[in-house]
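Novice: Coordinates for the following, if possible.
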Amino acid sequence: MVDSEFSTTADFLNEHREIVTRDGVVATIHRPSSQSNGRVLIVPGWSGTRAGPADLLVFLASRLTSAGWTAVRMDIPGRGDAEGQFAHTGLDEMIAAACSATDEPAHMIGLCSGGNVSLGATTSSKSQELRAKSLSVIALSTLPFQPARSKDFDRRRRWKNLKQYASKAFSPNTWARLMKGEINVDRVKKNVTTSEKTSGGERNLKDSARDIEKELLDWKGPALFIWGSGDEEAAPARAHFEKLHTAGMGSPEATHFHTIDGANHNFYSRAWREELSAKIIEFLNKNAAR
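Specialist: Next up, the predicted model:
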């Protein structure tokens, strides 16, 4: 990002960090102490910030910097420190923001919906005009795009959410937050009782006006997909993207799929995160040499 309206910097042991904002998009740039191998744009999940769940994206950015890469963690419009309204920011707006977040070619890492954003950015007209800025895509815990999600997906998502909320119900902290009004009860109810599909002409913010999966069949860039076996949605998601790859999506030689044994959706364990970062760095280093 250049010509920033605001900038603040800090030096850490093995990296230099800079927080910048432009056109309402806020990002933290991690720069290595030595010459950079290239730039990696990191996109958070649907409702997440550039820090990621339990600072996962900060961890990945630091690991990337230690390996010689420049990492850029961005806030999606309406999330974190970025301008915009959460309720009015959909997948297409997220893709547009990601395409504007760097002025030079970059590899992209996306967590969950951030993976959909990263994949969508690879085929956007703006990316094509700017030398197809996404050099490769690394999609973490990413699910099929909305049109490909079936009733089975809806049932699986509701059951997963129900079990998560049930486990939290036994925590005293949950009840304390409920009494303080810190828990959005309506959102909890929606997550466990309704589908992500919309009706009556209502706009589905998680869907795109484009047929991105169809467009991806003509995209031949390197890609790495990673899930955790402890994520109940991982196996069908992997099968779906493997089918897309067989149909033409991604480089035939440089598209890979990996599942981390036992890992959950957000890779909470330190061991899972170490394996995750190692796989990502290995993939980036190989494709930097291509």
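Novice: mind checking how far residue 95 is from residue 123?
Specialist: 9 Å (C-beta to C-beta, to the nearest Å). Backbone N, C-alpha and C define where each C-beta goes, glycine included.
Novice: Which one's more surrounded, those two?
Specialist: residue 95 (26 against 22; other C-beta atoms under 10 Å).
Novice: does residue 264 count as helix, strand or coil?
Specialist: Classification of residue 264 using DSSP: H, G, I helix; E, B strand; the rest coil returns coil.
Novice: mind checking how far it is from residue 141?
Specialist: Per C-beta to C-beta, residue 264 is found 9 Å from residue 141.
Novice: Find residues that contact each of those two.
Specialist: By the contact definition C-beta atoms under 8 Å, 6 or more residues apart in numbering, residue 264 and residue 141 are jointly contacted by 228, 231.
Novice: So if I had to pick from those two, which one is more boxed in?
Specialist: Using other C-beta under 10 Å, the more surrounded residue of residue 264 and residue 141 is residue 141, with 24 against 18.
Novice: List the contacts of that one.
Specialist: Residue 141 sits next to 111, 112, 115, 226, 227, 228, 231, 234, 237, 265, 266, 267 when contact means C-beta under 8 Å, 6+ apart.
Novice: thought residue 287 was touching residue 136?
Specialist: Yes. Look at residue 287 against residue 136 with C-beta atoms under 8 Å: they come within range, at 5.3 Å.
Novice: More neighbours: which of these two?
Specialist: Taking neighbours as other C-beta under 10 Å, residue 287 and residue 136 compare with residue 136 leading, 26 against 19.
Novice: Render the CA-only coordinates of stretch 218-236 in PDB, please.
Specialist: Extracted in PDB, the C-alpha atoms of stretch 218-236 (Å, rounded to 0.1, in the frame of the first residue of the first chain):
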ATOM      1  CA  ASP A 218     -10.000 -21.100 -16.500                       C
ATOM      2  CA  TRP A 219      -7.500 -20.000 -13.800                       C
ATOM      3  CA  LYS A 220      -4.200 -21.900 -13.800                       C
ATOM      4  CA  GLY A 221      -2.400 -20.400 -10.900                       C
ATOM      5  CA  PRO A 222      -0.700 -22.300  -8.000                       C
ATOM      6  CA  ALA A 223      -3.000 -23.100  -5.100                       C
ATOM      7  CA  LEU A 224      -2.800 -24.700  -1.700                       C
ATOM      8  CA  PHE A 225      -5.900 -25.800   0.200                       C
ATOM      9  CA  ILE A 226      -5.600 -26.700   3.900                       C
ATOM     10  CA  TRP A 227      -8.200 -27.900   6.400                       C
ATOM     11  CA  GLY A 228      -8.200 -29.600   9.800                       C
ATOM     12  CA  SER A 229      -9.600 -33.100  10.200                       C
ATOM     13  CA  GLY A 230     -11.400 -31.900  13.400                       C
ATOM     14  CA  ASP A 231     -13.500 -29.500  11.300                       C
ATOM     15  CA  GLU A 232     -16.700 -31.400  10.400                       C
ATOM     16  CA  GLU A 233     -17.100 -29.400   7.200                       C
ATOM     17  CA  ALA A 234     -13.500 -30.100   6.000                       C
ATOM     18  CA  ALA A 235     -14.000 -33.400   4.200                       C
ATOM     19  CA  PRO A 236     -16.900 -32.400   1.900                       C
END
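Novice: All the helices of this structure, residue numbers only.
Specialist: With helices called from DSSP state H, the chain shows them at 56-66, 91-100, 113-122, 125-129, 151-168, 172-179, 185-193, 212-216, 234-247, 270-288.
Novice: Can you give me the buried ones in the last one?
Specialist: Neighbour-count burial for helix 270-288 flags 272, 273, 275, 276, 277, 279, 280, 281, 283, 284, 287 (criterion: 16 or more other C-beta atoms under 10 Å).
Novice: Can you check what angle separates that helix from helix 56-66?
Specialist: 50 degrees (axes from the mean of the first three to the mean of the last three C-alpha atoms, to 10 degrees).
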